[in-house]
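In: Need coordinates for the below:
(one chain, ligands or ions: 1)
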Amino acid sequence: MVRIKICGITRPEDGAEAARLGADAVGLVFYDKSPRNVSIEQARAVIAALPPFVSVVALFVNPEREWVERVLAGCAIDVLQFHGEESAVFCRAFHRPYLKAVRVKPGVDLLEWAGRYPDARGLLTDAFVEGAHGGTGATFDWTLLPDDLPLPLILSGGLDEQNIIEAVRRVKPAAVDVSSGVEASKGIKSAARMAAFISGARHGSV
Ligand SMILES: O=C(O)c1ccccc1N[C@@H]1O[C@H](COP(=O)(O)O)[C@@H](O)[C@H]1O
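Out: Model (predicted):
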């Protein structure tokens, strides 16, 4: 069964609703250029509203090492997600499981990326959009994904309630990750869209 991560949670009630609907993980964005950016205090409030069986993923884009350490000291984070140009040495420096995001466009060699981050818990594929690091709501050509990726594949990039069944059926990822596609407005989740997305992901993977 595909695992489901709902990213860009900024409000405790959205995290609690994602968990109630069956999300396996929620993502918190610690990147001040994102409309979904949260402070450590906001993150703590979201985490406090979650049941203990939901994983908490902290997303960063080219962070200072001290910022990651402050977040880890201030919040109960299970997994790190890096969306910038962080090296493998940097990603593993925190002794936490981590995901490495890759922005996919023609010519990007995902097998080579997987080789550069062999200890990542998964490769998260997002759409390449010039000038943006992610969370754009853009999709990419799923035929660019290799069948023989040596790491678990987390599919993201423009997923929503309309395309999630086809995405899961065609790509067969280990997990899916969504942010824009389940929002009512930037940073605010829609309960109805989250419900339709999670139901679609479950439906597509049976
Ligand atoms: O959500 C953001 O604002 C964000 C900012 C910078 C890097 C990544 C970001 N989000 C992640 O991008 C992918 C795709 O998001 P979407 O579903 O297309 O909106 C996903 O992993 C988000 O968590």
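
In: list the contacts for the residue most central in space within the chain?
Out: For the chain, the residue lying nearest the average C-alpha position, counting by C-alpha atoms, centre = their mean, turns out to be Asp177 (4.7 Å). Asp177 is in contact with 5, 7, 27, 124, 154-156, 159, counting by C-beta atoms under 8 Å, 6 or more residues apart in numbering. Where you see a C-beta, it was placed from the backbone N, CA and C, and this is true even at glycine.

In: Mind pulling up the pLDDT for the residue nearest to it when sequence neighbours are not counted?
Out: Counting by C-beta to C-beta, 6 or more residues apart in numbering, Ser156 is the residue found nearest to Asp177 once chain neighbours are left out, at 3.8 Å. pLDDT recorded at Ser156 is 98.

In: hmm, back to that, where does the residue nearest to the centre of the chain sit: helix, strand or coil?
Out: strand (DSSP: H, G, I helix; E, B strand; the rest coil).

In: give me the beta-bridge partners of it?
Out: Lys5 (DSSP bridges).

In: near the ligand, which residues of this structure show up?
Out: Residues of the chain lying close to the ligand (C-beta under 6 Å from any ligand atom) are 7-8, 27, 29, 31, 34, 36, 59, 61, 83, 124, 126, 133-137, 156-159, 177-181.

In: Just the ones of these in strands?
Out: 27, 29, 59, 124, 126, 177-178 (DSSP state E).

In: As CSV, the residues you listed with pLDDT would be great.
Out: Below are those laid out as CSV (pLDDT from 0 to 100):
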residue, pLDDT
Gly27, 98
Val29, 98
Leu59, 98
Leu124, 98
Asp126, 97
Asp177, 98
Val178, 98
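
In: List the residues that contact Arg70.
Out: Taking C-beta under 8 Å, 6+ apart, we find Arg70 in contact with Ile40.

In: So which elements touch the lengthiest helix in the chain?
Out: With DSSP state H setting the assignment, residue counts place helix 191-204 as the longest helix in the chain. Where contact means 3 or more C-beta pairs under 8 Å, 6 or more residues apart in numbering; DSSP states H and E, helix 191-204 is packed against strand 3-6, helix 12-21, helix 164-171.
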